[in-house]
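# next come a sequence and a model predicted from it.
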Amino acid sequence: MITRFPPSPTGPLHIGNVRTALFNYLFAKKHGGQFIVRIEDTDKTRSKKEYEDDMLESLVWLGIKREGELWHQSERTEIYKKYLHKLIDDGKAYISHETEGENREVVRFKNPNKKVAFDDLIRGAVEFDTTELEDFIIARNIDDPVYHLAVVVDDAEAGVTHIIRGEDHISNTPRHILIQEALGFPRPIYAHLPLILASDKSKLSKRKHGEAVSLNYYRAKGYLPEAMVNYLALLGWNPGTEQEIFTMEELIGQFDLAKIQKGGAIFDEKKLQWVNKEHIKRLPPEEQRKLLVKSLEGEPYLVGEPELDLEKLPWKKVSKEETVVYLEKVLEIISSGNMSRVPLDIMRYAEREGKGNVLWPVRYALTGATASPDPFIILEILGKEKSLGRLEKAIMALKNAEIKDS
RNA sequence: GGCCCUAUCGUCUAUCGGUUAGGACAUUACCUUUUCAAGGUAAGAAGCGGAGUUCGACUCUCCGUAGGGUCACCA
């Protein structure tokens, strides 16, 4: 059993492609087969080496491991040429003299104009009448094959048994089957995946939906590879149980093409966030802390000056006067102690006075946010000077308010 | 428009003829003295419409309707 992922290096790796690669990988691994990758760079003007490198590196990051050698279609023109000649010699294709277009002598496939039916693993029986395809082009010239010819040849030569790809390819399938038949290749088993949709239910596309369609966008936002894999696996597939958080190994063990959805699925970053959070929780504490700190970079309440609402500063029923006392004590601890034992001292004090009474106003004074990570992390990120400054400011504000009140 | 595909809460989905239609994300409310990008409890929220098949349809068939994909010398 061999599955494949054939990206075209004309842009950064797309979320939809990631899922397609993942499903091919999971299916192959589940059945002890092989997962291969091949670069479809027959479009010489749009293909770029940097995109290829990015895609390959992305797969490594995700933990999707390819096997076998990496084919480049651009290096296989002699092979395609051989098959092109065979087709022409057999009368299954012919050189067509065009009156329009750049290339005057394209190679066209002689369409037998028949009905082509295939059993799709996800959709069941699908039938097309190929007549409307007419004598479609399979090469720009004898040295320059078009996608349809190249895929069929490569899949056959690589021994690909299962073609799992996006639904947008379903209408290409009859063409491919026709070429396979003309060349005497065996027919692989097809499975067409439902598309990943944007919130407007249209296919996710760079043109329409911008950066949010590329894996790099989410990677830069700090999402874990495990979370991307987990979430994407759940888009259009489910194990039939109520488990939602999976490791790659678990996915491989439970993956089943028969449980794939037929309709498209909208990509929901909110749920991705939740999946990501669940994976973070399963990490060792030091890793979690590192991630937390990293994710806080650029947080508005850390970068700019926090706006304080004095009413929110004291915890619950605590008065402003008492809050001032608590904050001044913390201020003292921070300015006198060395930073490494400050958290311990504050905690000890807070436990004596009531954790909420002390910790809440400290955290709020530092961030101006009613929800944020704990005060100690904030303290560490802000540093001694900045933290002291913010605490002093809060204390001053409280004192001024008291004067006004009385 | 032709061809193809699809159709359960806002979203991802369970259900393979008989269920108070289940779960998760999100939302809302409440709780929590807060080492908390948190946790807990609760609530609201769905079978596109119409025929048929059947004792019985979310589930099967057909017809509508809606949405999507595709119609390149791009992959």
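Structure received. Everything numeric here is computed off the predicted structure, so don't read it as measured data.

# gap between the helix or strand bottoming out on mean pLDDT in chain A and the chain center?
Lowest by mean pLDDT, DSSP states H and E among the helices and strands of chain A is helix A:300-303, with a mean of 72. Put simply, helix A:300-303 sits 27 Å off its chain's centre (Cα atoms, centre = their mean, to the nearest Å).

# which elements pack onto that helix?
helix A:375-382 (3 or more Cβ pairs under 8 Å, 6 or more residues apart in numbering; DSSP states H and E). All C-beta spots, glycine's among them, are computed from the backbone N, C-alpha and C.

# tell me the first helix or strand C-terminal of the helix it packs on.
Once the chain leaves helix A:375-382, the next helix or strand it forms, by DSSP states H and E, is helix A:384-405.

# what mean pLDDT does that following helix have?
For helix A:384-405, mean pLDDT rounds to 85.

# can you give the contact residues for it?
Here helix A:384-405 makes contact (Cβ atoms under 8 Å, 6 or more residues apart in numbering) with A:305-306, A:308, A:310, A:313, A:320-321, A:323-324, A:327-328, A:330-331, A:334-335, A:339, A:361-362, A:364-366, A:378-379, A:382.

# what about the residues you listed, which are in helices?
A:320-321, A:323-324, A:327-328, A:330-331, A:334-335, A:361-362, A:364-366, A:378-379, A:382 (DSSP state H).

# can you say which helix or strand has the residue of the stretch 101-250 of chain A at minimum distance from RNA strand B in it?
RNA strand B sits closest to residue A:101 of the stretch 101-250 of chain A, with a gap of 2.1 Å, by Cβ to the nearest atom of the strand. If you go by DSSP H and E, residue A:101 is not part of any helix or strand.

# ok, how many other residues are close to it?
Number of residues near residue A:101 (other Cβ atoms under 10 Å) recorded here: 9.

# distance check, it against residue A:140.
Going from residue A:101 to residue A:140 by Cβ to Cβ, to the nearest Å gives 9 Å.

# just residue A:404 next, same as before
Note on residue A:404: its distance to residue A:140, by Cβ to Cβ, is 81 Å.

# tell me what the helix or strand residue A:280 falls within is packed against?
Take DSSP H and E as the rule and residue A:280 turns out to sit in helix A:269-281. Using 3+ Cβ pairs under 8 Å, 6+ apart as the contact criterion, the elements in contact with helix A:269-281 are helix A:225-234, helix A:285-295.

# is the longest one positioned near RNA strand B?
This points to helix A:285-295. Yes - using Cβ under 7 Å from any atom of the strand, helix A:285-295 reaches RNA strand B at A:288, A:291, A:292, A:295.
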